[in-house]
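In: I would like to see how this sequence folds:
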Amino acid sequence: MSIASARDALAEQPLPAWRRAVLKVGSNLLAADGGGLTPRYADALAGFITASREGGREVILVSSGAVAAGRSLLRQHVPSGGDLAARQALAALGQAPMIALWQSLSTRPVAQVLLTHDDLRNRRRYLNARATLRGLLALDVLPVVNENDTVAVDELKLGDNDNLAAIVAALVDADLLLIASDIDALYSADPRRDPSAVPIAQVDAVTPEVLAMAGGSGSSVGTGGMRTKLEAAIKAAGAGIPTALFCGRDEDAVGALTRGYLRGTLIAAGGSRMQARKYWLRHAPAAPGRIRVDAGAARALASGRASLLPGGVVEVSGDFHRGDLVEIVDDSGQLLARGLSQYGAGEARRLAGRHSRDIEHLLGYSYGAEVVHRDDLATLAHVGAVGENNA
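Out: The predicted structure follows:
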């Protein structure tokens, strides 16, 4: 089967219900081979983002293209080899035109957010990155996330932005990961080499057999292939997030997204997003510290719908840092919940029993009104089922 006939065979299927999505756009959609950036395909994708926002949905964009843009600007000076320092310089040069392209196509302000995997592995920086992205969405700004190639060393490698997109999806509690590329779907084999290859509409789980179907990068400007997209889907599925693969060069496929349909491959999540997050909060190793709360705070936390405010804190023991996972106990020492602390142990001690409005006065700064936000908190089984399925 040819690629063209396979495209015709791909029937539209409903997208999972979503309110917040991460859209990853590869270099091969933003730059021609060896050429500069072009809005040819980006325009339709920007239209999808705009239509989604008008429909009450949020989209965070993870965009490649900086290295390709930098290379096109300095074509005659670029070394022929894959020198890392040269690629980092090209990334630095190309960031501005890449952001300028998206701003020219967006009806809203665009903000650049540069991340490395280290930013997302460190819990304090993880919280800061998430707060920034949520703040931008609240301001009706389009966040454009990219790998910080100018300082990354180990991270600057094949397909990194596919995997970065999956990590960002988990970071912002997205409901869906969308990956736009230059191919319509996952195929049973590489369609450029095997004329009998057929598209796969749905994948329940990315098994070794499914990974074996993946090929390599299809262009000189792209750095990842189908395998890196499947690796990203594995990461997203682990966080309870489904992944949709589609062709960003196909206007009909992009238009279908706006109508709530996918012409491509849908890779299922490994459970619900909330289940995955709550499981991690309940079972990940906690920092050597505890927060003891009063009876009122204990009742509120048991509902599963409340954050832990400073006024409910009675005592802080041990030592932990902002972003650490801590245990929360009631006045008798009974374990109630576990969550990510917005404040370090020393800060939490100073805030204990005080009102949220006093935080900035007491510390000289504020990370938010909550010691532990409800989105970062999981009640334990003995508290009761009422809190098990709430954020």
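In: Which helix or which strand is home to residue 254?
Out: helix 251-258 (DSSP states H and E).
In: Tell me the buried residues in that helix?
Out: Within helix 251-258, the residues that qualify as buried by neighbour count (16 or more other C-beta atoms under 10 Å) are 253, 254, 256, 257, 258. C-beta here means a position set from N, CA and C on the backbone, and glycine is covered the same way.
In: list the contacts for the first one?
Out: The one in question is residue 253. The contact partners of residue 253, by C-beta atoms under 8 Å, 6 or more residues apart in numbering, come to 184, 246, 247, 262, 263, 264.
In: which phi and psi does the closest residue to it other than its chain neighbours have?
Out: The shortest distance from residue 253 to any residue that is not its chain neighbour, by C-beta to C-beta, 6 or more residues apart in numbering, is 4.3 Å, and that residue is residue 263. Comment: the main-chain dihedrals of residue 263 come out as phi -110, psi 90, following degrees, to the nearest 10.
In: so how far is residue 18 from residue 263?
Out: When C-beta to C-beta, to the nearest Å is the yardstick, residue 263 and residue 18 sit 17 Å from each other.
In: who's more crowded, these two?
Out: residue 263 (23 against 19; other C-beta atoms under 10 Å).
In: Nearest spatial neighbour of residue 113, chain-adjacent residues omitted?
Out: Counting by C-beta to C-beta, 6+ apart, the nearest residue to residue 113 once its immediate chain neighbours are dropped is residue 145, at 4.7 Å.
In: thinking the one you found is in contact with residue 164, fair?
Out: Yes - with contact defined as C-beta atoms under 8 Å, residue 145 counts as touching residue 164 (7.2 Å).
In: intersection of neighbour lists for the two?
Out: Common contacts of residue 145 and residue 164, defined by C-beta under 8 Å, 6+ apart, comprise 62, 115.
In: Show me the helices in the stretch 151-300 of the chain, by range?
Out: Along the stretch 151-300 of the chain, the stretches classed as helices by DSSP state H, counting those that start in this stretch are 160-171, 208-211, 226-238, 251-258, 273-283, 295-302.
In: in the stretch 251-391 of the chain, which ranges drop under the pLDDT threshold?
Out: 273-274, 276, 381-391 (pLDDT under 70).
In: now residue 325, nearest residue through space, not along the chain?
Out: residue 286 (4.8 Å).
In: Would you check how far apart the one you found and residue 378 are?
Out: Residue 286 sits 11 Å away from residue 378, taking C-beta to C-beta as the criterion.
In: and if you look at residue 354?
Out: 25 Å.
In: the more surrounded of these two?
Out: Set side by side, residue 354 and residue 378 show more neighbours around residue 378, with 24 against 15, by other C-beta under 10 Å.
In: so where does the more buried one fall, helix or strand?
Out: Secondary structure here is read from DSSP H and E; on that basis residue 378 sits in strand 377-379.
In: Need the contact partners of that strand.
Out: 277-278, 281-282, 301-302, 304, 307-308, 328, 336-340, 387-388.
In: What subset of the residues you listed is buried?
Out: The neighbour-count test (16+ other C-beta under 10 Å) marks 277-278, 281, 301-302, 304, 307-308, 328, 336-340, 387 as buried among the contacts of strand 377-379.
In: wait, which of the residues you listed is closest to residue 136?
Out: residue 340 (20.4 Å; C-beta to C-beta).
In: just to revisit the earlier point, who are the contact partners of the residue nearest to residue 325?
Out: Shown in contact with residue 286 (C-beta under 8 Å, 6+ apart): 324, 325, 326, 327, 338.
In: Now that we have those residues, can you turn them into JSON lines and tack on secondary structure?
Out: Formatted as JSON lines, the entries for the contacts of residue 286 read as follows, by DSSP: H, G, I helix; E, B strand; the rest coil:
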{"residue": "324", "secondary structure": "coil"}
{"residue": "325", "secondary structure": "strand"}
{"residue": "326", "secondary structure": "strand"}
{"residue": "327", "secondary structure": "strand"}
{"residue": "338", "secondary structure": "strand"}
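In: Out of these, give me the one that has the most neighbours.
Out: Per-residue neighbour counts (other C-beta under 10 Å) across those peak at residue 326, which has 25 neighbours.
In: can you count the residues close to the closest residue to residue 165 other than its chain neighbours?
Out: Closest residue in space to residue 165, ignoring its immediate chain neighbours: residue 24 at 3.7 Å, by C-beta to C-beta, 6+ apart. Here the number of neighbours of residue 24 (other C-beta under 10 Å) works out to 29.
In: tell me which residues of the helix or strand where residue 24 lies are tucked away?
Out: Remark: residue 24 resides in strand 20-25, with elements defined by DSSP H and E. Neighbour-count burial for strand 20-25 flags 20, 21, 22, 23, 24, 25 (criterion: 16+ other C-beta under 10 Å).
In: Quick check: residue 43 touching residue 102?
Out: No - under the criterion of C-beta under 8 Å, residue 43 makes no contact with residue 102, lying 10.6 Å away.
In: Looking at these two, which is more packed in?
Out: Using other C-beta under 10 Å, the more surrounded residue of residue 43 and residue 102 is residue 102, with 23 against 14.
In: wait, what's in contact with the more buried one?
Out: 42, 46, 61, 63, 110, 142, 144 are the contacts of residue 102 under C-beta under 8 Å, 6+ apart.
In: and those as JSON lines, adding secondary structure?
Out: Formatted as JSON lines, the entries for the contacts of residue 102 read as follows, by three-state DSSP:
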{"residue": "42", "secondary structure": "helix"}
{"residue": "46", "secondary structure": "helix"}
{"residue": "61", "secondary structure": "strand"}
{"residue": "63", "secondary structure": "strand"}
{"residue": "110", "secondary structure": "strand"}
{"residue": "142", "secondary structure": "strand"}
{"residue": "144", "secondary structure": "strand"}
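In: tell me, how many neighbours does the residue nearest to residue 257 when sequence neighbours are not counted end up with?
Out: For residue 257, the nearest residue in space outside its immediate sequence neighbours is residue 48; the separation is 5.3 Å by C-beta to C-beta, 6+ apart. When neighbours are defined as other C-beta under 10 Å, residue 48 has 20 of them.
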